[in-house]
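Participant: Please find the sequence and the predicted model below.
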Amino acid sequence: MSKRTLYTIIAALIVVGIYVYEAYLKQEEQLEIVNKGAQAKTLTNEFFLPTSTTNQLVHHEGYSLSYSEAHEQAEWVAYELKKTQLSYNDFDRPYFEIDQAVKTGAASWKNYKNSGYDRGHLCPAADRRYSQKAYDETFLTSNISPQKHDFNSGIWNTLEQKVRYWAKKYDGVFVVTGGVLKGTMKTIGNEHVSVPNQFYKIVFDYNNGTPKVIAFLLPHKNSKEPLHNFVVSVDFLEDLTGIDFFSELDDAIENEIEASDSYRNWRF
DNA sequence: CTGGGACGC
DNA sequence: GCGTCCCAG
C-alpha cells in the first residue's frame, strides 16, 4: 500500500469519526431534553394540568405548556406560583431562545422583530424570579405570544400583579394562561405567528380552605375598566377554547368551581 | 413591572 | 450574536 493511499484512508476515517461523534453528541443532547422533561413532569402537580388539544405537551421545570404548531405559540401555559417563590431578585433579562423541547419546532423570536408587537410572556418572568434558571426559562419562545404593548404593559400587567398578590395572600395559586387561538387572527413573521384577539387567565386557590377559582377573559386591547368586569366562568372558557382545564380534579369540585363566575371570594 | 430599538464589536 | 445604553406605557 502506498503512503498516499494510507493517508487517504486515515483522512477518511477522521472525517467519519467526527461525523459519528457529532451524531452521538446530538443524541445525548436529545436524551438530556427528554430526561429533563420527565423530571419536570414528576415535579409538576399533574392533576391540574389542562388537556392538550394539539397533543403536544412540554414540561419545563418552571412551567408546562401545550404547543400549537398551527399558531406557533402555546395554547396554554400552566404553573404553580408558591408564596415562597415570590422574590425580589433582579436578574438581567436574557435573550429569547427557541424552545428545543417543542418537537415540531417552536417559533423564532425573529417573527416578532419590528412586528409592532411585544413578545408577551405567558408565564411572567416576574413569577419565576426564585432562581436565574427559572427566570431564564421564561424567555423560551414557547412561552410568548404577540401582544400589543399598551395591553401588555397595561391591564395584562395589572392582572399579572394581581396574581402575585393572590399568591402571597392565599399562600400559593395555580395559574393557567394563554391566548384564545380561535377565529380569524392576524399573523406576524415568516412563520405566521397568530395574534390572539383575546387572552385568558385562570387562577386556582387550592390550599386555602375550600378550593376556589377565578377566570378572566380579556379582549386584546388595553382597558381602564376594573379587572372584575372581565371575570367569566371556567365553563365559558372551555366552550370558547375547547380545552378541558381541570379534568383531573375531583368531579364534584370541578363542576362547582367551573360553573361559577362569581368573584366574591377573591379580594381585589 | 411590561417591553422596545440603536449602535458597536 | 452579544453587550451597552437609552426609551416608553
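Facilitator: Right, received. Where do you want to start? Note that the coordinates shown come from a computational prediction; the quantities given were computed from them, not determined experimentally. Residues are numbered from 1 along each chain as shown, chains lettered A, B, ... in the order given.

Participant: what are the phi and psi values for A:I98?
Facilitator: phi -70, psi 130 (degrees, to the nearest 10).

Participant: That one - how many residues pack around it?
Facilitator: Neighbour count of A:I98, defined by other C-beta atoms under 10 Å: 15. Yep, even glycine has a C-beta here, placed from its N, CA and C like the rest.

Participant: Would you mind confirming that it makes contact with A:K110?
Facilitator: No. Using C-beta atoms under 8 Å, A:I98 is not in contact with A:K110, being 9.6 Å away.

Participant: State the pLDDT value of A:I14.
Facilitator: In this model, A:I14 is scored at 49, pLDDT.

Participant: Pull the number of nearby residues for the closest residue to A:S260 other than its chain neighbours.
Facilitator: What sits nearest to A:S260 in space, not counting adjacent residues and going by C-beta to C-beta, 6 or more residues apart in numbering, is A:S233, at 5.9 Å. For A:S233, the number of neighbouring residues by other C-beta under 10 Å comes to 18.

Participant: got a list of what the residue positioned nearest the centre of chain A touches?
Facilitator: Most central in chain A under C-alpha atoms, centre = their mean is A:V77, positioned 3.3 Å from the mean C-alpha point. Under the criterion of C-beta atoms under 8 Å, 6 or more residues apart in numbering, the contact list for A:V77 reads A:Y63, A:S64, A:L65, A:L122, A:C123, A:N143, A:V176, A:T177, A:G178.

Participant: The residue lying closest to the fourth one once chain neighbours are set aside: helix or strand, and which one exactly?
Facilitator: Excluding its sequence neighbours, the residue lying closest to A:L122 (C-beta to C-beta, 6+ apart) is A:V77, at 4.0 Å. Remark: A:V77 resides in strand A:73-81, with elements defined by DSSP states H and E.

Participant: can you check A:E160 too?
Facilitator: Per DSSP H and E: helix A:155-169 holds A:E160.

Participant: just A:T187 next, same as before
Facilitator: Counting by DSSP H and E, A:T187 is found in strand A:186-188.

Participant: and if you look at A:K201?
Facilitator: strand A:198-205.

Participant: what sits against the closest residue to DNA strand C within chain A?
Facilitator: Here chain A gets closest to DNA strand C at one residue, A:S153, 3.4 Å apart by C-beta to the nearest atom of the strand. Under the criterion of C-beta under 8 Å, 6+ apart, the contact list for A:S153 reads A:D118.

Participant: roughly how far apart are it and A:L140?
Facilitator: For A:S153, the distance to A:L140 equals 21 Å [C-beta to C-beta, to the nearest Å].

Participant: Then A:K212?
Facilitator: 31 Å.

Participant: can you check A:S66 too?
Facilitator: Distance from A:S66 to A:L140, by C-beta to C-beta: 14 Å.

Participant: do A:K168 as well
Facilitator: For A:K168, the distance to A:L140 - C-beta to C-beta - is 26 Å.

Participant: And for A:Q198?
Facilitator: Applying C-beta to C-beta to A:Q198 and A:L140 gives a distance of 23 Å.
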